[in-house]
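Engineer: next comes the sequence, and after it the predicted model I'd like to discuss.
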Amino acid sequence: MKILVADDEKSIGESYKLALEAHGHEVTLTHDGVECIQSYREQGNSPHRIPFDVVIIDYRMPKKNGIETVPELLSMFPYQPIIIVTAYAHELVELTAMKRGGKSMQVIQKPIELEPFVILVEATKTSVDLDRLVMYG
């Protein structure tokens, strides 16, 4: 799978990248919402193909946080699978409300154990693929 990770804490982003690459995934790592959108646009040159199988995005980042970044990504590809990660429990309420608009969004709380995290990432992609198959045949 092609995965885009956006996390301003470089050590956390690197740990996601290493864990996902150890399972054979191709990972692009960015450190804020602006870089995330830029990488997404660079990969999204085909109007018919989602540029990344999954986007993992931190809630709190400089320049543009996750809540500001996600709508921009979804405006380009509305069915993009997204996992939002946050260390702040009170943000989960807001994110869960935002999630209601799309099945392809997951919200999880830090700290994250890497092995279950990789399983969640892979399951998110599989779940969205199954939804598309049912929708479009």
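Structural biologist: Right, received. Where do you want to start? Numbering: from 1, shown residues only.

Engineer: quick one: low-confidence parts of this structure?
Structural biologist: 46-48, 89-104, 126-137 (pLDDT under 70).

Engineer: ok, residue 36 - contacts?
Structural biologist: 4, 6, 30, 55, 57, 64, 69, 73 (CB atoms under 8 Å, 6 or more residues apart in numbering). In short, each C-beta sits where N, CA and C put it, glycine included.

Engineer: I misspoke; the intended subject was residue 108.
Structural biologist: 83, 84, 85, 86, 117, 120.

Engineer: and residue 79, how many neighbours?
Structural biologist: 13 (other CB atoms under 10 Å).

Engineer: correction: the previous question concerned residue 87.
Structural biologist: Around residue 87 there are 14 residues (other CB under 10 Å).

Engineer: so which bits of the helix or strand residue 55 falls within are buried?
Structural biologist: Here residue 55, judged by DSSP states H and E, is contained in strand 54-58. Neighbour counts over strand 54-58 (16 or more other CB atoms under 10 Å) mark 54, 55, 56, 57, 58 as buried.

Engineer: same question for stretch 55-70.
Structural biologist: 55, 56, 57, 58, 59, 61, 64, 65, 66, 67, 69, 70.

Engineer: what segments of this protein are helices?
Structural biologist: 10-22, 33-43, 66-76, 89-99, 114-136 (DSSP state H).

Engineer: if we can go back for a sec, ok, of the contacts of residue 108, which come out buried?
Structural biologist: Buried, going by 16+ other CB under 10 Å: 83, 84, 85, 86, 117, out of these.
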